Structure formats: structure tokens, C-alpha cells
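Participant: sequence first, then the predicted structure:
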Amino acid sequence: MLELTYLRNNAAKAAKGLAKRNINAETIISDILRLDEQRRQTQTELDAVLAESNALSKSIGQLFQQGKVEEANAMKAKTGELKEKSKELHNQEEQARHALDNLLVTLPNVPNEKVVAGNGADDNEVVSTVGEIPTLHADAKPHWDLADDYKLISFDLGVKITGAGFPVYMGKGARLQRALINFFLEENQKAGYEEFLPPHFVNAASGYGTGQLPDKEGQMYHMQEDDLYAIPTAEVPITNMYRDEIVDVNSLPIQCTAYTPCFRREAGSYGKDVRGLNRLHQFDKVEIVNICHPDKSYQLLDDMVKHVEMLLQKLELPYRILRLCGGDMGFTSALTYDFEVYSAAQEKWLEVSSVSNFETFQANRMKLRYKGDDGKTHLCHTLNGSALALPRIVASILENHQTPEGIRIPEALIPYTSFEWIS
RNA sequence: GGAGAGAUGGCAGAGUGGUCGAAUGCGGUAGUCUUGAAAACUAUUGAUCUUCACGGAUCCGGGGGUUCGAAUCCCUCUCUCUCCGCCA
């Protein structure tokens, strides 16, 4: 949620920024500012009425103590009028506030100045391309065939026991999965991230805190009986650990990493790019989350990008980094870098990581603040990134490292798999 | 699933209708002392909204009610804990 004070002081700038998302926000922002003004005015009036009524009550109390019952009773009559007035003003204030909030939650984050305008994936900027795209042998196959040949993943078993999009990993496929999770967690820890193992279900307040609710309600699995949501990413439980907290400025940046399975309904995305591991309802991911001082967030974003690059290099995968355009960026993000790995067998780029700075957008919803040197509370900045999401990493390892003799495990991963080849 | 207890500031924990934004302790911050630190002592220390400012308003789990006045009384919801049962 955007900060009201920001909108008050930067209305034109915000509208200009949001235009990069193809959103015409001028009307809605002016509506917000009008409601805000109205609400504040009502509150000032209300406060005055309440102050008067408080003063009256106090003197009534004193009169009673002095035994001046008649005088006290006379004053009581006055309070009725004030009470009615305050009730009315209170309702007005509440109405204005709700209307204001309802508008405010519809606005996505204002993109950073580096973000270019654009409609979708085609307008993203390629920041860099690293690594060599391997030339595969003649019989090279896509990962779904390799997974089948080497008995690594069964999509059919998943369909049998759960449904489409819930694969079963087995044998070296399952072990590769476990190895990657450990590899990522270890590397993240070495980079300064503390490891967590959070719950895989969260309450509605958490969904709201990180911005999945009310925006993307339909994308999460919901357990009606207990009103819990299956997490779509570890970002949700991890960031929400700090919801409603005022953290010590010296404890910043707070750096967390967590492995969790991720559950996504992917409603409406059937048909395209869903083959094999490309799009799943349940997948594994190791996430990194940063909570930091506003002055440090863009430096941290760069650090996170470098960290993810290092992971991909250790896995010997060719990748490119995209800076997302306004139209392709998530609702809560101010600046997002996507990482794509090239699959030589599918002959296309696969998104494997998304690293974002949310600035105060999430922190404002969550009331995640720090106490500054000025003694006042300020909103923190939050960032997160995948380091990394497994399915497409597995797909690209299988596809890019395949040889006629089998699939070669990258050097850095061997200590974790304890096997060097899948054959 | 059954029974009971509870929810107060960063934490612990008092407070059963007005003088309570709330005792006390711990923690935090600053100072005195010290070569430095510790200890001791002294002072200070909640959040949100609003106002140019002085100030004002709100907040004792959430919501509603009684009352001139509610942390305190009533209703309701949510959550937590304890015991019993079941169980990995």
C-alpha cells in the first residue's frame, strides 16, 4: 500500500510513475486526496467535540465528589447533544476512511525511475547475458522425456494421487531435489542469511501483509474449515514474522532464508508453457528476504542480484538478467530483476528467479517499522528473491547438462548429491 | 472432541467505574563514578491520528453495548494457555 503522505506530496510524480504500468491513476489519486482531506477535517471536528465532552465529564465527576448533585445533574443534560454529534462525526470519519482504504489498496507500487514503460514480457530490458549456450548432441531431449527415461519424475503418479501439476520425484530425481535445496540454503547462509523453516499455511492477516490478499485471493489454496491459506512462496510467512513490529535500527538489515514448498492454483494459466516442470501447482523454492533501512535497499537489491548470479554460475547454467518493464512487474514491487536460464533443449528462456525491492509498500501494510536516530518510527524497506526456484533449475540442469552418456551433475552440486552422473 | 483459565506498554506483571496512558520490576537510552568496563546511583523511555504551532483525540486482544464518565460492568467474536480424551 502506498503511503498517504507520499501521495500528498508527490501526486503528480506517482501518477507519472504508475503510467509506466499502463494505469491512469490521476483520477483515483485525486479522489484519494479529496477523501483524505475530508477525513482529516472530520477528525479535527470530532476531536474538538470529544475534548469538550471529556472536559464536561471531568467536572461532573468533581461536582459529585463535592456533593453538588443538582449542579452535576444539570450538566449531564448538555452531554447528550455532544454525544449525538460525536457519534455522527465518528460515522462520517469511518466512512471516509473505508472509502479511502478501498481506493488505496487498488493502487500498485510506483515503479522506480529505472523501470521503463511497457505492456508485458516483450518490453522487458535485458541487462546482461552470461554463460555459454551449450550445443547439444543430436538426440537431445526436453526434460520431461529425460525425467521419464531416467525415472526421475513421474507426472502420471502425481495425477493419480493428487492431480495435474503435482509431480512425484523419485530416485535420483528426489535426491537431486534435496541436494539443490541444501546447496541453496548453505550458499545463502554463507552470504549472511539466517535460515528459517516456517509454517506452510498462513492466516488471512499474513496474506494481506505481503499483498497476496485481497489482490490474488484466487491464486492461493484456501482451507475453508480453518480459514488458512497454503503459502504461494516463503516470502509470506517469513516477511510476516515481522508484521506489526518496530525493530531496532541496529538490527538492520534482517536477512532471512527459507526453503518451503510453494502452492499456486495458477488459475487461468492452463494450456501454455505447462509441459513438464514449466508450471506446477506445488514446487520447491528457497527464498531470501531482506528487511532494511530505506537508504540501503537498492544496494541490497544489487547484492541479491549478484548472489543469485553466483548460484547460477556454480550450477554452470547460461542465464540472462531482465529488468522488468512497468507492465510486467508485480503489484507490490518498485523494481524487479528476473533471472532466466536458457534451455538448449526447449530452445527458450525459463524464469528461475525474481528479485524485487518493495520499498515501503509491504511495510506500510504490515506496519513494519524501525525507530530512527531521530526517535521517530519509520517504515522499513522489504526485498525478496528466489535463490532459487527448483523446477526450472532442474529442467535446465537436465536439459543443458545432458550427454549421450547421461546427465552430468555440476561440480558444485556433487557434495550435495553424492553422485556425479544420472545415467 | 470435552472441561477450565486467560488476553494490559519491548518483556514480566499490578490495576474491578472518575484523580489511569496505566503502579512496580526487567530491558533500552543518557549521565555520574571508572584508565576502560561492570556494579551502583540519577534522569529518561509506548504507539497512532490530528494541528503551522500550543495543544487535542484515540488505543489495555477485535467488535458492540450500559454510563455524564469504562482497562475496570454487560454482550459477542477471535486467539492463547492448562487439564482430560485421541494421536504422529
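Facilitator: Cool, got the structure. The shown structure was predicted, so the numbers you read here are calculated from the model rather than taken from an experiment.

Participant: where exactly do the strands run in the stretch 1-150 of chain A?
Facilitator: With strands called from DSSP state E, counting those that start in this stretch, the stretch 1-150 of chain A shows them at A:125-130.

Participant: can you pull out the helices in it?
Facilitator: A:4-9, A:11-19, A:26-65, A:69-104, A:143-149 (DSSP state H, counting those that start in this stretch).

Participant: right, and those helices - which one's nearest RNA strand B?
Facilitator: helix A:26-65 (3.0 Å; Cβ to the nearest atom of the strand). Where C-beta positions appear, they are placed from N, C-alpha and C, glycine not excepted.

Participant: mean confidence for that closest one?
Facilitator: Mean pLDDT, helix A:26-65: 89.

Participant: does RNA strand B sit close to that helix?
Facilitator: Yes: under the criterion of Cβ under 7 Å from any atom of the strand, RNA strand B is reached by helix A:26-65 at A:40, A:43-44, A:46-48, A:50-51, A:53-58, A:60-61, A:64.

Participant: check which helices and strands that helix sits against.
Facilitator: helix A:4-9, helix A:11-19, helix A:69-104 (3 or more Cβ pairs under 8 Å, 6 or more residues apart in numbering; DSSP states H and E).

Participant: pick the most buried one from those.
Facilitator: helix A:11-19 (a mean of 17; mean count of other Cβ atoms under 10 Å).

Participant: hmm, who's touching that helix?
Facilitator: Contact partners of helix A:11-19, identified using Cβ atoms under 8 Å, 6 or more residues apart in numbering, comprise A:2, A:6-7, A:24-26, A:29-30, A:33, A:107-108, A:110-111, A:113, A:117, A:326.

Participant: give me the neighbour count for the closest residue to RNA strand B within the stretch 201-350 of chain A.
Facilitator: Here the residue of the stretch 201-350 of chain A nearest RNA strand B is residue A:246; by Cβ to the nearest atom of the strand that distance is 6.2 Å. Using other Cβ atoms under 10 Å, residue A:246 has 14 other residues around it.

Participant: go on, residue A:218?
Facilitator: 9.

Participant: next, give phi and psi for it.
Facilitator: Main-chain torsions, residue A:218, degrees, to the nearest 10: phi -70, psi -10.

Participant: and the closest residue to it other than its chain neighbours, helix, strand or coil?
Facilitator: Distances taken as Cβ to Cβ, 6 or more residues apart in numbering place residue A:267 nearest to residue A:218, at 5.2 Å, with adjacent residues excluded. For residue A:267, the secondary structure call by DSSP: H, G, I helix; E, B strand; the rest coil comes out as coil.
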